[in-house]
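Q: need a structure here:
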Amino acid sequence: MLTTLLTPLTWNISMLRRTYPSFRLLLYLEWLMLATAIFEVVVPFNLSWLSLLGVGAIACFGLMGLRLPTLKQRTKLLYTSLEFALILLPATLLNLSHRSVFLACLVLVMRSCLIFKRTGQLVVLALSLVTYATVLLSRPIVHEKLRVAVWDWRLSNVLLFSLTVVFALLLINALLAERESRAQLEIAHQQLEISNQQLRQYALRIEDQATLQERNRIAREIHDGLGHTLAAQTIQINNALLFWESNNDKALTFLKQAKQLGAEALLEIRRSLSVLRSNPLQGQSLKSAIEKLLADFYAGTGIEPSTKIDLHLSLPTEVSTTLFRIVQESLTNICKHAEAKSVTVGLFARAGMIYLSIEDNGKGFNPTQNTTGFGLQGMQERTIALDGELNIHSQPGADCCISVSLPLTKVLL
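A: Modelled structure (predicted):
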């Protein structure tokens with residue numbers, strides 16, 4: 001559609017004449033001037049082959065205005081040459097009056113504005129001026145006594161013709177410029193409509209994407225918060241079952257902890273329902289929240305983690321939540337899968353970066369094969385959202401280290 005709209009409108013005259021009133025008016029004006037020229041040929045009425053030839057030449061000249069060449073330069077030159085021939089034929093054979101030659105040459109200049117660009121228009125204007133001046137100045141002077149007055153009159157007519165064709169040239173070019181401006185405005189309007197439609201479609205896609213991202217975020221919150229609590233509760237219940245017959249007091253302790261975790265899970269559900277973006281830190285500092293998380297981990301697993309936290313910055317809530325959730329998910333995975341004996345958590349800021357690491361000496365796993373783990377995927381998504389980088393170094397039968405680096409220039413904005 002745009003290709004059709006962008007077709008050069010200045011030179012596609014057949015289209016302009018049908019759709020644009022100003023150019024239809026020019027066509028009617030041409031016919032009126034050529035009808036005047038024909039009238040001067042047939043009046044006084046004298047039926048002869050020369051008269052018919054003159055009328056036919058002017059009529060053909062007029063009909064040529066219905067279809068102007070717009071493409072090949074050679075066709076334009078042949079067309080204009082034929083126009084000059086149709087003017088000179090009655091002018092020389094029938095001694096056509098200077099008024100008729102004046103009008104015909106004016107029509108020719110007007111058409112050249114619709115066929116040629118500026119250089120071609122000036123060439124046609126100059127040739128028309130030469131043609132008219134030659135026809136007018138070459139005619140004999142009947143009364144020698146009036147030679148001076150006649151030459152003065154002829155020169156005045158040549159000057160008048162020059163001013164007229166220059167004015168016509170400027171006027172038609174102004175019409176063409178105005179028409180082109182209108183066409184460009186129409187194109188711009190249609191492009192704007194297309195852009196608006198594309199923006200609406202883009203907005204719908206963004207809305208769908210935002211909905212999907214929000215679903216993923218809620219899924220991460222449920223997995224990282226409620227999932228962690230339920231996983232810890234399951235571990236406590238399994239411990240209670242394990243010590244139920246051999247050590248009732250210890251089994252009872254595990255059951256009480258499982259009950260407490262169940263209450264926390266219920267509270268987590270209520271918080272998730274009331275506030276989708278709940279803050280797991282609950283007003284605590286990141287260091288305090290991680291230390292509490294490690295204390296709960298020790299109480300549930302018997303593994304006492306070592307910590308290396310050196311962070312004296314006040315971080316945005318989103319960053320603190322991300323780091324907390326990554327530690328939480330890592331500890332949950334260690335509880336469920338690692339069978340580790342020691343765990344080390346490090347958090348510090350250096351050289352414009354925040355570094356977090358969680359290491360364990362468990363049985364490890366192959367990160368390239370673990371593509372369905374939602375917890376690992378959630379950690380990756382959280383890190384990428386802050387323009388950070390998450391790396392997992394592990395292999396079956398070896399230790400595991402999860403490291404996260406976040407740029408301070410991003411997280412502190």
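Q: just checking, next helix/strand downstream of the biggest helix by length in the chain?
A: With secondary structure taken from DSSP state H, the chain has its longest helix at helix 147-221. Reading on from helix 147-221 to the C-terminus, the next helix or strand found by DSSP states H and E is helix 228-242.
Q: now for the longest helix of the chain, which elements pack on it?
A: helix 2-5, helix 21-42, helix 98-115, helix 118-137, helix 374-385 (3 or more C-beta pairs under 8 Å, 6 or more residues apart in numbering; DSSP states H and E). All C-beta spots, glycine's among them, are computed from the backbone N, C-alpha and C.
Q: would CSV of the ones you listed with distance to residue 398 and mean pLDDT be doable?
A: CSV is the format used below for the helices and strands packed on helix 147-221 (distance: least, C-beta to C-beta, whole Å; pLDDT from 0 to 100):
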stretch, distance to residue 398, mean pLDDT
helix 2-5, 61, 34
helix 21-42, 84, 69
helix 98-115, 84, 82
helix 118-137, 80, 87
helix 374-385, 17, 81
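Q: JSON lines for those helices, including distance to residue 69 and mean neighbour count?
A: As requested, the helices and strands packed on helix 147-221 are arranged in JSON lines below (distance: least, C-beta to C-beta, whole Å; neighbours: other C-beta atoms under 10 Å):
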{"stretch": "helix 2-5", "distance to residue 69": "20", "mean neighbour count": "8"}
{"stretch": "helix 21-42", "distance to residue 69": "16", "mean neighbour count": "16"}
{"stretch": "helix 98-115", "distance to residue 69": "6", "mean neighbour count": "23"}
{"stretch": "helix 118-137", "distance to residue 69": "12", "mean neighbour count": "16"}
{"stretch": "helix 374-385", "distance to residue 69": "62", "mean neighbour count": "18"}
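Q: The longest helix of the chain to helix 118-137, inter-axis angle?
A: Counting by axes from the mean of the first three to the mean of the last three C-alpha atoms, to 10 degrees, helix 147-221 lies at 160 degrees to helix 118-137.
Q: residues touching the nearest residue to residue 98 once chain neighbours are set aside, list them.
A: Of all residues not flanking residue 98 in the chain, residue 136 sits nearest, at 4.9 Å (C-beta to C-beta, 6 or more residues apart in numbering). For residue 136, the contact set (C-beta atoms under 8 Å, 6 or more residues apart in numbering) comprises 98, 101, 154, 157, 158.
Q: Just send the residues you listed back as JSON lines, with distance to residue 111 too.
A: Listed next are the contacts of residue 136 as JSON lines, based on distance: C-beta to C-beta, whole Å:
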{"residue": "98", "distance to residue 111": "20"}
{"residue": "101", "distance to residue 111": "16"}
{"residue": "154", "distance to residue 111": "26"}
{"residue": "157", "distance to residue 111": "22"}
{"residue": "158", "distance to residue 111": "21"}
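Q: ok, which pair from those is furthest apart?
A: Within the contacts of residue 136, two members stand farthest from each other by C-beta to C-beta: 101 and 154, at 12.3 Å.
Q: thinking again about what came up before, please report the distance of the residue nearest to residue 98 from residue 306.
A: In this view, residue 136 and residue 306 are 111 Å apart by C-beta to C-beta, to the nearest Å.
Q: circling back to that earlier point, relative to helix 374-385, how tilted is the longest helix of the chain?
A: 140 degrees.
Q: average pLDDT for helix 147-221?
A: Regarding helix 147-221, the rounded mean pLDDT is 81.
Q: With stretch 318-327 instead?
A: For stretch 318-327, the per-residue pLDDT averages 87.
Q: Would you mind pulling the contact partners of it?
A: With C-beta under 8 Å, 6+ apart, stretch 318-327 has contacts from 220, 224, 279-281, 286, 289-290, 293, 315, 345, 347, 354, 356, 358, 378-379, 382-383, 385-386, 390, 402, 404, 406, 411.
Q: Find the helix or strand that the closest residue to residue 284 other than its chain neighbours is a member of.
A: Leaving aside its sequence neighbours, residue 284 sits nearest to residue 292 (C-beta to C-beta, 6+ apart; 7.3 Å). Following DSSP H and E, one finds residue 292 within helix 286-301.
Q: Run through the neighbouring helices and strands of that helix.
A: For helix 286-301, the elements it packs on are helix 228-242, strand 306-310, helix 317-333, strand 343-350, judged by 3+ C-beta pairs under 8 Å, 6+ apart.
Q: Tell me which of the ones you listed sits most buried.
A: helix 317-333 (a mean of 22; mean count of other C-beta atoms under 10 Å).
Q: Now do that one and strand 343-350, the angle between them.
A: Using the same axes, to 10 degrees: helix 317-333 against strand 343-350 is 160 degrees.
Q: Show the contacting residues for residue 121.
A: Counting by C-beta under 8 Å, 6+ apart, residue 121 makes contact with 109, 112, 113, 169, 173.
Q: how about 7 Å then?
A: Taking C-beta atoms under 7 Å, 6 or more residues apart in numbering, we find residue 121 in contact with 112, 113, 169.
Q: and these as TSV, adding distance to residue 198?
A: Shown next, in TSV, are the contacts of residue 121 (distance: C-beta to C-beta, whole Å):
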residue	distance to residue 198
112	42
113	38
169	42
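Q: Of the residues you listed, which is the nearest to residue 202?
A: Nearest to residue 202 among these, with distances taken as C-beta to C-beta, is residue 113, at 44.0 Å.
Q: What sits closest to that closest one if chain neighbours are left out?
A: In space, residue 113 is closest to residue 172, 4.0 Å off (C-beta to C-beta, 6+ apart).
Q: correct me, but residue 107 touches residue 32?
A: No. In this structure residue 107 lies outside contact range of residue 32 using C-beta atoms under 7 Å: 10.0 Å.
Q: Run through the bridge partners of residue 390.
A: residue 404 (DSSP bridges).
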